[in-house]
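Chemist: Give me a 3D structure for the following:
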Amino acid sequence: MPAPPPDDQAELPGRLYDVHGPGLYRYALMLLTYPTAAEDAVQDAFAGLLAARIAPEHVERYLRTSVRNACFTWLRRRRRWLPREQPLLEAAGPAQAARDDERLAIERALRVLPPEQREVVYLHVFEGRTFREIADLSGTSINTAASRYRYALARLRETLS
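Modeler: Down below sits the predicted model:
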């Protein structure tokens, strides 16, 4: 029978969830616009983390990539489902200052964007990531990340005007 892990090892998943869980959930919710599926994506990422032996310096990247992959798998499988109208921006800082009608208009405009463009907008605007970081996280080139952002902004301007 293996020895139980030391207390700090047993508490590690909970501490990792406390640090990374809320941000990963907001990221998944922005991609999926469906709260239950976003929760499942984050849960699957942490379950995979527990099964894998990931070096501590790679934990955040592993979790982000795992959540992203789970979200896009869900989107491919569930294209025929229409997501419920749930608030996308309720936990996002910059949108809190906007009036409710403006926030709702922004949410509707964000829902119109393809998930890849929503992802870039979320990572750049709400998480402050650079296009280099976004390209690394999404497995694309920096030019693709910047183009997705540019196309998203153009579509948001068009939708909101």
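
Chemist: Span of stretch 112-125 from start to end?
Modeler: 17 Å (Cα to Cα, to the nearest Å).

Chemist: Which residue ranges make up the domains of this structure?
Modeler: The chain breaks down into these domains under automatic domain parsing: 1-81, 92-161.

Chemist: Can you tell me which of those domains has the worst average pLDDT?
Modeler: For those, mean pLDDT drops lowest on domain 1-81, to a mean of 82.

Chemist: rewinding a little: can I get the domains of the chain in TSV including mean neighbour count?
Modeler: From N, CA and C alone the C-beta is placed, and that goes for glycine too. TSV is the format used below for the domains of the chain (neighbours: other Cβ atoms under 10 Å):
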stretch	mean neighbour count
domain 1-81	15
domain 92-161	16
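
Chemist: ok, now how distant is the closest residue to Leu75 other than its chain neighbours from Ala51?
Modeler: Once flanking residues are discounted, Leu75 sits nearest to Pro115: 5.7 Å by Cβ to Cβ, 6 or more residues apart in numbering. Pro115 sits 26 Å away from Ala51, going by Cβ to Cβ, to the nearest Å.
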